[in-house]
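Visitor: sequence? don't have it. structure:
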């Protein structure tokens with residue numbers, strides 16, 4: 001009996017010591033730098049991208065819009081519900097089709113409904129940006145779009161070689177957030193657009209859990225720098241930087257997310 005109790009205690013200690021996988025709201029399309037305009041498909045999924053782990057159920061977002069040449073266009077009515085399949089489960093997500101026009105940047109912005117995380121007894125709301133460019137003509141990539149929680153890029157999110165750095169400024173209601181905590185994850189399983197699922201095969205293997213979700217800090221001015229070690233999509237999530245901290249009488253974490261894409265030199 002004593003051995004069983006000790007064994008159970010050891011298991012609990014190990015389980016509670018294990019780091020939780022980071023939540024990341026995705027706004028995904030395969031390519032962020034296109035030669036010419038045309039229709040693109042978008043997938044909106046709330047999941048754990050490095051391990052293609054548990055996908056969380058999304059309710060209908062509060063806002064979904066695109067910024068192009070300083071103008072906002074509401075895209076909320078273009079969203080269609082889907083089921084997204086990870087390696088462990090399937091859950092409600094959304095998709096949309098959008099026709100790019102002309103040259104320039106298209107900043108897709110999502111304000112999801114708060115998600116209740118039962119294990120932590122809190123709500124999470126990740127305000128997410130992803131930029132698609134056509135023809136290499138820069139317009140809006142570094143613009144503030146007015147989200148309560150926002151990462152403003154200092155480097156073009158779609159024009160990064162492997163080995164470049166990505167820099168950004170974390171802001172809350174337009175003001176820099178000193179020493180913000182930022183989680184970083186690599187999209188390690190390719191999204192299969194036609195199947196609404198992650199590919200089974202991982203691109204890389206993490207040597208230890210600390211490499212699954214990396215954590216960095218912004219400086220006193222809210223700025224951060226991260227070196228990109230591998231081609232693909234990278235997510236940056238600044239935790240709890242939004243102005244609201246309560247929803248339905250529970251704690252609310254308003255996070256700011258941005259996705260960037262790096263490419264190998266060939």
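Guide: Thanks, I have the structure now. Predicted, not measured: the structure shown is a model, and the values here were computed from it.

Visitor: mind listing the strands for the stretch 151-266 of the chain?
Guide: Using DSSP state E, counting those that start in this stretch, the strands of the stretch 151-266 of the chain run over 160-161, 165-172, 175-176, 181-186, 191-192, 197-198, 214-217, 223-227, 232-238, 246-247, 250-263.

Visitor: partner strands of the last one and their direction?
Guide: Here strand 250-263 is paired, per DSSP bridges, with strand 122-134 (parallel), strand 160-161 (parallel), strand 232-238 (antiparallel), strand 246-247 (antiparallel).

Visitor: may I see the buried residues of that strand?
Guide: For strand 250-263, the neighbour count (16 or more other Cβ atoms under 10 Å) marks 252-263 as buried. Every C-beta, even on glycine, is put in place using the N, C-alpha and C of the backbone.

Visitor: what angle do that strand and strand 165-172 make?
Guide: Taking axes from the mean of the first three to the mean of the last three Cα atoms, to 10 degrees, one finds strand 250-263 and strand 165-172 inclined to each other by 160 degrees.

Visitor: now the fourth one
Guide: The directions of strand 181-186 and strand 165-172 differ by 140 degrees, with the same axes, to 10 degrees as the criterion.

Visitor: hey, what's residue 27 bridged with?
Guide: Taking DSSP bridges as the rule, residue 27 bridges to residue 44.

Visitor: what about it, neighbour count?
Guide: Taking other Cβ atoms under 10 Å as the criterion, the count of residues near residue 27 is 24.

Visitor: likewise for residue 208?
Guide: Neighbours of residue 208 (other Cβ under 10 Å): 6.

Visitor: before we move on, the earlier item: mind giving me a markdown table with the strands paired with strand 250-263 and columns for mean pLDDT?
Guide: Below are those laid out as a markdown table (pLDDT from 0 to 100):
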| stretch | mean pLDDT |
| --- | --- |
| strand 122-134 | 98 |
| strand 160-161 | 98 |
| strand 232-238 | 98 |
| strand 246-247 | 97 |
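
Visitor: who wins for proximity to residue 100 among those strands?
Guide: Ranking the strands paired with strand 250-263 by distance to residue 100, with Cβ to Cβ as the measure, places strand 122-134 first at 5.4 Å.

Visitor: in the closest one, which residues are buried?
Guide: Neighbour-count burial for strand 122-134, counted by 16+ other Cβ under 10 Å, picks out 122-134.

Visitor: so which helix or strand takes in residue 116?
Guide: Using DSSP states H and E, residue 116 falls within strand 115-117.

Visitor: average pLDDT for that strand?
Guide: Here strand 115-117 scores 97 as its mean pLDDT.

Visitor: what packs against that strand?
Guide: Helices and strands touching strand 115-117, by 3 or more Cβ pairs under 8 Å, 6 or more residues apart in numbering; DSSP states H and E, are strand 122-134.

Visitor: any idea how far the strand it packs on is from the chain center?
Guide: Going by Cα atoms, centre = their mean, to the nearest Å, the spacing between the C-alpha centre of strand 122-134 and its chain's C-alpha centre is 6 Å.
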